[in-house]
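A.B. asks: with the input below, show me the fold.
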Amino acid sequence: MNVRLLVLAVAAAATAATTACGKRAAEVRTAPAQQATVSIQVNNTLNQAVNVYIVANGTETFLRQVAATSNTSVPVQGFAPGSTVGLKAVTADGARTYTRASVVLTGTFVFPLP
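C.D. replies: This is a model prediction of the structure:
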C-alpha cells in the first residue's frame, strides 16, 4: 500500500511540475491614447488663499488651493476636453466667492482673481 501511495505522490508532483512550467498565453496591447491636457491658470492677486472648484451639472469638484498673490497652473482631470463647465474660487475664510460661467475646457484657461 505504501508503494501505491508513493507512486501517486510522484505522479501528482510530475503533473504539477509540467503544468506550472508549461506555455502561458500572453496578451500584448498598445497603451491607451492620452487625453489632451487641460488646465486652469489661476492668477490669484488676493491677499489670501483661494479654493478652486469646477462646477459641472450642479456638482462642485475641488481642484486645489492656490496661495495668496500667486499664479498656479491647475491640471484638470476627470473632465473631457471640450466640456463646458463653470469655475468657482472661494477665499480661505469663505467671505468672498468668484465665479466664471460657460468655460470650455481646451488647452489652458486663465482664471484671474479678482
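A.B. asks: which residue packs closest to Leu87, ignoring adjacent ones?
C.D. replies: Residue nearest to Leu87 in three dimensions, not counting chain neighbours: Arg100, with 4.3 Å by CB to CB, 6 or more residues apart in numbering. For glycine as for every other residue, the C-beta is placed from the backbone atoms N, C-alpha and C.
A.B. asks: the residue nearest to the spatial centre of the chain and Thr99, how far apart?
C.D. replies: Nearest to the mean C-alpha position of the chain, by CA atoms, centre = their mean, lies Gln77 at 5.3 Å. Gln77 sits 21 Å away from Thr99, going by CB to CB, to the nearest Å.
A.B. asks: equivalent analysis for Ala80, please.
C.D. replies: Computed as CB to CB, the Ala80 to Thr99 distance reads 21 Å.
A.B. asks: could you pull up the residues touching Thr108?
C.D. replies: 38-41, 73 (CB atoms under 8 Å, 6 or more residues apart in numbering).
A.B. asks: mark which of these are buried, thanks.
C.D. replies: The neighbour-count test (16 or more other CB atoms under 10 Å) applied to the contacts of Thr108 identifies 38-40 as buried.
A.B. asks: now, which of those lie within helices?
C.D. replies: Under the assignment DSSP state H, the buried ones among the contacts of Thr108 contribute nothing to helices.
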